[in-house]
Structure formats: C-alpha cells, structure tokens
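Peer 1: this one's sequence-less:
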C-alpha cells in the first residue's frame with residue numbers, strides 16, 4: 001500500500017501545473033517503511049492464497065515439532081529459539097505452534113514458563129519489529145524469570161532453575177543461528193536438520209526412531225551430492241544433536257555417521273555404491289548395540305532412510321547440497337590449463353599439417369636430371385636448324401645421349417668435349433652444349449641443396465612445434481592439478497613477515513592434489529643469511545603445521561621470492577668425477593634438485609674428443625638442465641635439444657648422448673632416459689646390477705630415438721651414470737668396483753672418483769673422456 005500511495009502522489013505532482021496549489025485535503029504521503037529483510041521461509045512469488053496458507057501451516061507444524069523437542073538434562077530451547085529467530089511473516093504461526101507443542105509434550109511445570117517466555121518474545125517482536133537483539137534479550141531473561149516465578153509458591157528447585165537457564169542460553173544461540181543462516185544454503189540446511197533430528201526423538205517408537213531415519217537420509221544425500229567437508233560437518237552435527245536428545249541411542253548416531261563418512265570418502269557421487277558402504281557402516285555400528293531391540297531400532301531407521309534415498313531422483317538429491325564453486329584462483333588456473341591445452345593441440349596440428357603438405361608435394365618440380373636436359377635444350381637447341389631432327393624425330397636418341405652425361409657430372413662436376421657420347425655426335429655446337437650442361441648441372445645441384453636445407457629447417461620447425469606442444473600439454477595437466485589456496489595459513493604466514501618488518505608484496509599457501517603444502521612469499525629485495533633462513537623456515541613450518549624444507553630464494557630486480565615446500569621423504573647426495581683425455585673434456589654433467597621435490601642428474605657425452613666434442617656436450621647439458629628446471633619432461637627436453645644440435649651441426653656427423661635420471665624424492669619413483677648413452681648401474685644392498693637400453697645419440701636424426709625406463713628406489717640405493725670412456729675394458733670390472741665400494745661404505749663422491757681412476761689405469765693409450773656421476777638416496 002505505501003508504494004501505491006507514493007506512485008499516485010508522483011502521478012498527481014507530475015500532472016499538475018508548476019504553480020498550482022497543493023490540495024489541503026490530501027496530506028503528504030508518508031515515506032514507506034521497509035520491513036527487515038526476510039532471508040528465510042519466504043512466500044512463493046505471486047502470493048497465491050493456497051501457497052501462503054500452506055507455508056503458514058508449515059511454520060505452525062515446525063513450531064509444534066520444535067516446541068516438543070528437548071535435550072539431555074531437561075532443557076527445551078528449540079521452540080523459543082524458533083520464535084526468536086524466524087522471519088516476521090511467519091512469527092504468529094510459529095509462536096502458536098511452539099506454544100501448542102510446549103503445552104502438549106513438555107511437563108506442566110516446565111511448559112508454563114516456556115509458553116510465557118514465547119508469549120513475551122512474540123509481544124516484543126510485534127512491538128519492536130526488526131530488533132533482533134531486543135527479542136533475544138527478552139527471551140533469555142523471560143524463561144528463567146518465568147521459571148522462578150512459577151516455583152516461588154511451592155519452593156525453588158535448583159535443578160529446574162538451572163535447566164531453565166541452560167534452555168535460555170541455548171534458545172538465544174539457536175535463535176541467532178536461525179536468524180543468520182539462510183535456510184536454502186548448506187549451513188542453514190544443516191542447522192534445521194540438526195534441530196529436526198533432535199526434536200523427532202520425542203516420537204521414537206520401541207523399534208523405530210524417526211530422528212535416526214532423517215539422519216540416515218540426510219547423510220546419504222551429502223555422501224552422494226555434497227563435498228567431503230560438507231558430509232563430515234553434517235555427520236558430526238547430526239550425531240551430536242541426536243546423541244544430546246537420546247543418549248541411549250548414541251551408538252546408532254555413531255553408526256550412521258560412520259556410514260556417511262565411509263560413503264563420502266570411498267564413492268562420492270555413485271548412488272548404489274554409496275548405499276552399499278552406508279549399509280556396511282550401519283552393520284558395524286549395530287555390533288555396539290546394547291540389546292536386540294536397540295539393534296532393531298537402528299536397522300529399521302537405516303532401512304527407512306536408505307529406501308527414501310533410493311526412491312528420490314538423483315537430481316533432487318543434488319539440489320539439497322549443491323557442490324561449492326571453486327575459488328577464483330582455482331578457476332583461473334583451470335582456465336589457464338584449458339588455454340594451454342588448446343594451444344598445445346593447435347601447435348601439434350600445425351606440425352602435422354606442414355609435414356602432410358610437404359609429403360604430398362614430393363617430388364618437387366625441378367629436382368630431377370630432366371631439369372638439366374630442359375635447361376640445355378632451351379639454351380643451345382632452341383634456335384638450332386637441327387632442332388626438329390634431334391628433338392622430334394630423334395628424341396629417344398637425344399635423351400639417351402644427354403643422360404650419358406649424368407654419371408660424369410656427378411663424379412667430376414664438369415662435362416668436356418671428350419665426354420661427348422655417340423648419340424650426340426651430330427651436334428653442330430658441342431662446346432656450347434657442354435657449357436650449358438655444366439651451368440645447368442650447377443643450378444640443379446644448387447636447387448637440390450636448397451631443397452635439402454629447406455627440408456632440414458622444416459623438420460626442425462615441426463619437431464620444435466611438436467616438442468613445445470608436448471611440453472605445454474604437460475604444463476596444462478600440472479596446472480589442472482594445481483593446489484587450492486589456504487586462506488588461514490596465508491594469513492598466518494603474512495603476519496609472520498609483517499612482524500619481522502618485511503611486509504609481503506604477495507603471499508600464497510596452497511595444497512596440491514597429493515596433500516602437500518607449498519608457500520610462496522614475495523618481499524622487497526633482501527639478503528638472508530643461512531641462520532635467518534633456518535629460523536624463518538622453522539616459524540613457517542610451525543604456522544603451517546608441516547615440516548618444510550629450506551626455501552628456494554630468487555632475487556629479481558627489486559624483489560626477493562621465497563618458495564617453501566614440504567621436506568621430502570628422501571634427500572639426494574650427489575658425487576661426480578671427471579678425467580678428460582685432453583685439456584677440454586667432451587663430457588658434461590649436471591646434478592641438482594628442482595623446486596618440485598625431484599633430484600635430476602644428467603650426463604652428456606659429445607661425440608669425439610677435444611673442443612668440438614666439448615661444444616656439443618656442454619651445449620646439450622646446459623640446454624637440457626635449463627629445460628628441466630623450467631618444468632619440461634625428459635622426452636620433451638631431449639626433442640628440443642636434438643633440434644638445436646641438428647641445426648648447429650648442419651651436414652656434419654656430430655651429436656651428443658644424453659643420460660638423464662629423474663627421482664621423485666617424495667616417493668622414490670625414478671625414471672631413466674637414454675639417448676645413445678652408455679649403460680648405467682644400480683647398487684642396492686651392496687649388490688650392483690646393470691641397466692641399459694639401445695638408442696641413438698641426439699643430433700643425428702630428425703627425431704630422438706631414446707629409451708625410457710621406470711623403477712623405484714629405496715633408502716641407501718645408489719645409481720651411477722658413466723660415459724663411454726669408462727667402458728674401455730668392459731663392464732665386469734665396473735660391477736666388481738661398485739661392489740667393493742659398497743662394502744667399504746664409500747660416499748657417492750668417493751665411489752665416482754674410485755671408478756674414474758680405475759678406468760684411467762685400464763684405458764692406457766686408448767684413453768677417452770671419462771666421467772662418472774653418482775647419486776644416493778638417504779633419509780634426512
């Protein structure tokens with residue numbers, strides 16, 4: 001009505017002349033008073049009478065049910081809580097229902113004070129609408145006051161007065177929750193289910209507990225459609241509510257909670273398997289029943305809840321507890337992962353298309369010896385008087401004669417008069433013919449070389465496209481599995497840096513799919529001593545409640561970035577020994593642990609000795625190490641390095657071998673990639689064994705022909721990589737030397753040095769570049 005008056009006044013004001021007097025009989029409309037927002041139990045759109053009556057009836061029934069409920073100790077707070085916190089549109093119906101439920105189901109000595117308190121709260125809310133604190137205070141004081149007045153004539157009973165005080169406190173708390181939590185959200189649904197489960201205890205029969213049946217149905221709904229966190233919260237809340245209302249059936253609440261958590265952990269989203277796991281959990285809980293009647297009560301309630309769960313359509317189950325939206329950072333990472341995956345597919349398609357088009361164009365125009373014949377015929381025979389006789393009547397003879405020059409040109413590169421075949425003896429311009437042949441042959445060779453270079457560049461380009469596409473696909477998969485942010489830990493870590501005077505420019509703490517925590521903090525450029533880093537790591541570990549390793553510190557212009565990660569299960573201890581055959585070694589080795597908790601050890605051997613081999617070996621090792629640190633996998637890194645070596649070497653036959661070991665320090669899972677490398681060795685419990693795989697070096701072919709193998713390492717296992725110079729006298733002595741070093745307890749550095757020195761003595765004058773790299777897994 002206020003809105004209608006306001007609209008009418010606006011229309012009259014607009015239609016009247018500017019100077020027209022305002023009618024005295026029409027008072028100015030009062031500003032509309034906006035009712036407090038009602039976040040619960042809203043009327044359906046349209047305000048249909050039948051629907052409105054149904055909602056009012058539902059509010060009255062809810063009042064009756066909540067007014068009848070009580071918890072262990074005699075407190076009955078739910079009816080008063082409903083009147084304190086319900087929406088104003090349903091206040092009267094809820095209050096009348098609560099009074100009816102209190103008078104019908106509660107003892108008379110407790111029912112009268114409760115009814116009086118409900119009436120006082122109803123009056124306060126009607127007289128002061130929208131003032132929740134005033135209504136809560138009135139309810140909190142009215143219940144113990146009414147109980148005290150009721151007991152004055154007959155004497156005060158301390159137990160009843162304490163129960164009234166507890167009931168008042170619980171009523172205010174539940175009323176606040178009803179007022180705050182929206183009923184269409186998971187938190188509000190959990191609150192109403194908890195109160196409903198507790199109040200339905202008053203309707204428990206000898207062999208059936210309706211509150212337990214409601215608990216079972218709600219638990220199955222969350223196990224099927226909600227997240228594990230929502231299932232756990234609901235199971236704990238409903239189990240606590242049912243136990244507080246009916247302590248004798250606490251085993252049943254624990255059984256249903258066990259079945260809910262088991263179904264949510266093992267088979268979320270799978271309807272029938274959730275039902276099976278839930279039934280198994282209830283059967284385990286029935287073993288704790290104190291009597292057969294109690295077990296039957298649990299069984300009947302579980303069967304009832306399970307039956308309703310199976311009868312309700314899956315879409316309806318999902319509507320009760322919708323999955324929460326992922327955080328904004330997770331959404332952005334997922335979007336970036338999808339874009340990277342699209343780019344990877346596009347690059348792969350480009351490479352395939354370029355290769356397919358080039359193959360269909362083969363053989364290209366002008367790349368056969370016919371080009372030389374046609375060129376000579378145009379230059380010499382175009383204006384010759386014998387052209388018709390030679391190229392029309394004697395075409396076969398002329399072509400045979402021209403092709404007689406092909407092997408001569410391929411061997412010497414020059415055609416002279418003395419090489420003139422008999423088929424061309426009738427030629428009137430033999431000198432011009434030889435000059436044209438020589439020039440045409442040089443042009444033909446130039447075109448073939450250009451075509452070969454183009455093929456090399458095209459193969460390099462498409463191989464680069466394929467390698468980058470593979471690397472982007474791997475990065476996309478890694479981003480898709482990126483961890484979710486942890487705001488609480490982020491706040492703690494940020495406050496730590498603020499307290500030491502380094503306000504972070506950026507701070508993030510994430511948990512990946514494996515449950516590992518990583519923290520990244522960016523501060524103004526600062527130099528940290530080792531002692532400061534150790535103290536900082538200890539504090540961050542305490543705040544994150546995880547054992548973190550020392551951070552990786554990176555300085556970039558004006559900022560310093562610290563990356564903390566969980567301490568792996570293993571630590572890597574490296575060792576390396578190199579004995580060059582000349583001043584410069586053609587072997588190159590790199591050993592490091594990356595930020596993902598992986599130990600990387602690679603050995604590259606340039607083909608040959610001296611400076612040329614050193615260039616290839618160092619280039620291959622440096623590029624491979626950079627690509628591995630950037631997150632590339634072994635195969636993708638090898639493909640890119642192969643392209644670089646192929647372009648560098650051109651038509652020269654040179655390249656480099658690659659021996660790459662990658663070890664996950666969290667699990668001990670290892671991968672060994674070989675491209676033309678010498679055999680490797682694994683020493684476990686003092687017994688060495690050889691690992692090898694046939695392959696070709698990098699830079700020889702257009703694509704890498706490598707060999708990958710995977711295995712699992714344990715604590716104290718030793719892996720040794722060697723260059724081909726160590727194999728001068730076979731492999732038997734290497735196994736014996738490794739066994740001796742294991743018995744003597746040598747470190748990886750001592751083992752590598754002993755093996756390299758023995759190889760030098762055995763090689764003698766046949767000495768090649770000798771390099772030995774070793775790594776051992778140890779418990780930190």
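Peer 2: Received it, and whenever you're ready, just let me know what you need. The model shown is predicted, which means the values in this text are computed figures rather than measured ones.

Peer 1: now residue 168: which helix or strand?
Peer 2: helix 158-180 (DSSP states H and E).

Peer 1: show me what counts as buried in that helix.
Peer 2: For helix 158-180, a neighbour-count test (16 or more other Cβ atoms under 10 Å) marks 160, 163-168, 170-179 as buried. Any C-beta I mention is one placed from the backbone N, CA and C, and that applies to glycine too.

Peer 1: same question for stretch 81-99.
Peer 2: Here stretch 81-99 shows 81-87, 89-99 as buried, counting by 16+ other Cβ under 10 Å.

Peer 1: so how far does it reach from one end to the other?
Peer 2: Chord length of stretch 81-99, first to last residue, is 12 Å (Cα to Cα, to the nearest Å).

Peer 1: go on, stretch 416-434?
Peer 2: End-to-end distance for stretch 416-434, by Cα to Cα: 6 Å.

Peer 1: returning to that earlier point: let's see which of the buried residues of stretch 81-99 end up in strands.
Peer 2: Among the buried residues of stretch 81-99, DSSP state E puts none in strands.

Peer 1: just the residues you listed: which are in helices?
Peer 2: In helices, defined here by DSSP state H, the members of those are 81-85, 91-99.

Peer 1: closest to residue 378 out of the residues you listed?
Peer 2: For those, the minimum distance to residue 378 (Cβ to Cβ) is 101.3 Å, reached by residue 85.

Peer 1: roughly how far apart are the closest residue to that closest one other than its chain neighbours and residue 223?
Peer 2: In this structure, residue 85 finds its nearest non-sequential neighbour in residue 178, 3.2 Å apart by Cβ to Cβ, 6 or more residues apart in numbering. Going from residue 178 to residue 223 by Cβ to Cβ, to the nearest Å gives 26 Å.

Peer 1: likewise residue 234?
Peer 2: Applying Cβ to Cβ to residue 234 and residue 223 gives a distance of 9 Å.

Peer 1: please apply the same query to residue 444.
Peer 2: Using Cβ to Cβ, which is the criterion applied here, residue 444 is 77 Å from residue 223.

Peer 1: hang on, residue 691 packs against residue 681?
Peer 2: Yes: counting by Cβ atoms under 8 Å, residue 691 touches residue 681, with 6.9 Å between them.

Peer 1: ok, these two, which is more surrounded?
Peer 2: Higher neighbour count among residue 691 and residue 681: residue 681, with 23 against 16, using other Cβ atoms under 10 Å.

Peer 1: report the beta-bridge partners for the residue nearest to that one when sequence neighbours are not counted.
Peer 2: Nearest residue to residue 681 in three dimensions, chain neighbours excluded: residue 720, at 4.4 Å (Cβ to Cβ, 6+ apart). According to DSSP bridges, the residues that bridge with residue 720 are residue 681, residue 774.

Peer 1: in contact with residue 251: list those residues for me.
Peer 2: Contacts for residue 251 (Cβ atoms under 8 Å, 6 or more residues apart in numbering) come out as 285, 288, 289, 290, 294, 298.

Peer 1: farthest-separated two in these?
Peer 2: By the measure Cβ to Cβ, 285 and 290 form the most distant pair in these, at 12.3 Å.

Peer 1: for those two, indicate the residue with more neighbours.
Peer 2: Counting neighbours by other Cβ under 10 Å for residue 285 and for residue 290 shows that residue 285 has the greater number, 21 against 10.

Peer 1: what residues are up against the more buried one?
Peer 2: Residue 285 makes contact with 251, 252, 254, 255, 256, 258, 259, 298 under the criterion Cβ under 8 Å, 6+ apart.

Peer 1: do residue 120 as well
Peer 2: Going by Cβ under 8 Å, 6+ apart, the list of residues near residue 120 reads 138, 139, 142, 146.

Peer 1: residue 547: which of the residues you listed is nearest?
Peer 2: residue 139 (50.0 Å).

Peer 1: mind listing what's buried along the one helix or strand the closest one maps to?
Peer 2: Using DSSP H and E, residue 139 sits within helix 132-151. Residues of helix 132-151 classed as buried: 132, 135-136, 138-140, 142-147, 150-151 (neighbour count, 16+ other Cβ under 10 Å).

Peer 1: adding pLDDT and distance to residue 503, write those out as JSON lines.
Peer 2: Formatted as JSON lines, these follow (pLDDT from 0 to 100; distance: Cβ to Cβ, whole Å):
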{"residue": "132", "pLDDT": "80", "distance to residue 503": "39"}
{"residue": "135", "pLDDT": "83", "distance to residue 503": "44"}
{"residue": "136", "pLDDT": "84", "distance to residue 503": "41"}
{"residue": "138", "pLDDT": "84", "distance to residue 503": "47"}
{"residue": "139", "pLDDT": "81", "distance to residue 503": "46"}
{"residue": "140", "pLDDT": "80", "distance to residue 503": "44"}
{"residue": "142", "pLDDT": "81", "distance to residue 503": "51"}
{"residue": "143", "pLDDT": "79", "distance to residue 503": "50"}
{"residue": "144", "pLDDT": "80", "distance to residue 503": "50"}
{"residue": "145", "pLDDT": "80", "distance to residue 503": "53"}
{"residue": "146", "pLDDT": "79", "distance to residue 503": "56"}
{"residue": "147", "pLDDT": "74", "distance to residue 503": "55"}
{"residue": "150", "pLDDT": "73", "distance to residue 503": "61"}
{"residue": "151", "pLDDT": "69", "distance to residue 503": "61"}
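
Peer 1: want to throw those residues into JSON lines with distance to residue 71?
Peer 2: Formatted as JSON lines, the buried residues of helix 132-151 follow (distance: Cβ to Cβ, whole Å):
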{"residue": "132", "distance to residue 71": "23"}
{"residue": "135", "distance to residue 71": "22"}
{"residue": "136", "distance to residue 71": "19"}
{"residue": "138", "distance to residue 71": "22"}
{"residue": "139", "distance to residue 71": "17"}
{"residue": "140", "distance to residue 71": "17"}
{"residue": "142", "distance to residue 71": "19"}
{"residue": "143", "distance to residue 71": "14"}
{"residue": "144", "distance to residue 71": "17"}
{"residue": "145", "distance to residue 71": "21"}
{"residue": "146", "distance to residue 71": "19"}
{"residue": "147", "distance to residue 71": "16"}
{"residue": "150", "distance to residue 71": "21"}
{"residue": "151", "distance to residue 71": "21"}
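
Peer 1: so which of the residues you listed is the closest to residue 520?
Peer 2: After measuring the buried residues of helix 132-151 against residue 520 - Cβ to Cβ - the closest member comes out as residue 132, at 43.1 Å.

Peer 1: quick check, the closest one in contact with residue 177.
Peer 2: No: between residue 132 and residue 177 there is no contact under Cβ under 8 Å: 11.9 Å.

Peer 1: joint contacts of those two?
Peer 2: Counting by Cβ under 8 Å, 6+ apart, the shared contacts of residue 132 and residue 177 are residue 85.
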